[in-house]
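Participant: make a model of this:
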Amino acid sequence: MEIISAILGAVLVTVCSYITLCFYDRKNSLEVKKKGNLIYSAFIIGVMGLTFITAFVLGLVRFSEWNLPEMLLHYILIWGMTVLAVIDYRQHRIPNRFLTIMLMIWAFVTGIYIILQTESGIGLLFRSLSGAIAGGLIFLLCYILSRKQLGAGDVKLVFVMGLYLTGQRIIGAIFYGIVLCCLYSVVQLIRKRIGLKDGVALVPFLYLGVLITLSIL
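Facilitator: Residues are numbered from 1 along each chain as shown. Just a heads-up that it's a prediction; the model follows:
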């Protein structure tokens, strides 16, 4: 039963992510290969495969640890980070409208949880707010110190990530994401693929940080 649930959850997250990207591509071209209404590239295929594998593993391993609202919020976060990772990689932007949608979904799920199970729901609310404040303040400080080299969209995204990950996991997601981004940048500098003044899309690495954190914490 758990295996079936894990497979269904992974398929649902992956399919929703891909459909969302196809819909976004119609409105704002991602400049990738197309066949009819479908889009594809090596990066998109790789991200979708990683999303499916991670969602499946989480559904299988974490099924007994997380309650339904927490599992749902984590799946929604994986969906959102999958979509934003591709968009930021292709366009170096984080759509405010998409962040607003993620914020509204979080508010809806958390609100329903509070109504149905008040004590547990309020506990989740405070943990979520602590995560949002911690993540948002860290990236806001980086935004100020970097003299706006870090994008304002990244600050907003980490705030939303904190709501989903709570204070328990947001620091881990940021840490793993930044470390992976630094390693990638160093390798690309050595290979002379980028210069010291060139920017690197951060969201794909935050996406990996989220997947790693959810898998081990």
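
Participant: neighbours of Pro69, how many?
Facilitator: Using other Cβ atoms under 10 Å, Pro69 has 18 other residues around it. All C-beta spots, glycine's among them, are computed from the backbone N, C-alpha and C.

Participant: typo on my end, it should be Val187
Facilitator: 11.

Participant: report the buried residues of the helix or strand where it lies.
Facilitator: Following DSSP states H and E, one finds Val187 within helix 152-190. Judged by neighbour count using 16 or more other Cβ atoms under 10 Å, the buried positions of helix 152-190 are 153-167, 169-174, 176-178, 180-181, 184-185.

Participant: ranges for the strands of the chain?
Facilitator: 33-35, 38-40 (DSSP state E).

Participant: where in this protein is pLDDT low?
Facilitator: 1, 63-64, 148, 196-197 (pLDDT under 70).

Participant: let's see it at 50
Facilitator: For the chain, not a single residue meets the criterion pLDDT under 50.

Participant: send me stretch 161-178 as PDB with only the CA atoms.
Facilitator: The C-alpha trace of stretch 161-178 is given here as PDB (Å, rounded to 0.1, in the frame of the first residue of the first chain):
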ATOM      1  CA  MET A 161      10.400  28.100   1.200                       C
ATOM      2  CA  GLY A 162      10.600  28.700   5.000                       C
ATOM      3  CA  LEU A 163       6.800  28.500   5.300                       C
ATOM      4  CA  TYR A 164       6.800  25.100   3.800                       C
ATOM      5  CA  LEU A 165      10.000  23.700   5.300                       C
ATOM      6  CA  THR A 166       9.500  25.300   8.800                       C
ATOM      7  CA  GLY A 167      12.300  26.400  11.000                       C
ATOM      8  CA  GLN A 168      13.400  22.700  11.300                       C
ATOM      9  CA  ARG A 169      14.600  22.400   7.700                       C
ATOM     10  CA  ILE A 170      15.000  25.800   6.100                       C
ATOM     11  CA  ILE A 171      18.600  26.400   7.300                       C
ATOM     12  CA  GLY A 172      19.600  23.000   5.900                       C
ATOM     13  CA  ALA A 173      18.000  23.700   2.500                       C
ATOM     14  CA  ILE A 174      19.800  27.000   2.300                       C
ATOM     15  CA  PHE A 175      23.100  25.500   3.400                       C
ATOM     16  CA  TYR A 176      23.100  22.600   0.900                       C
ATOM     17  CA  GLY A 177      21.900  24.900  -1.900                       C
ATOM     18  CA  ILE A 178      24.600  27.500  -1.300                       C
END
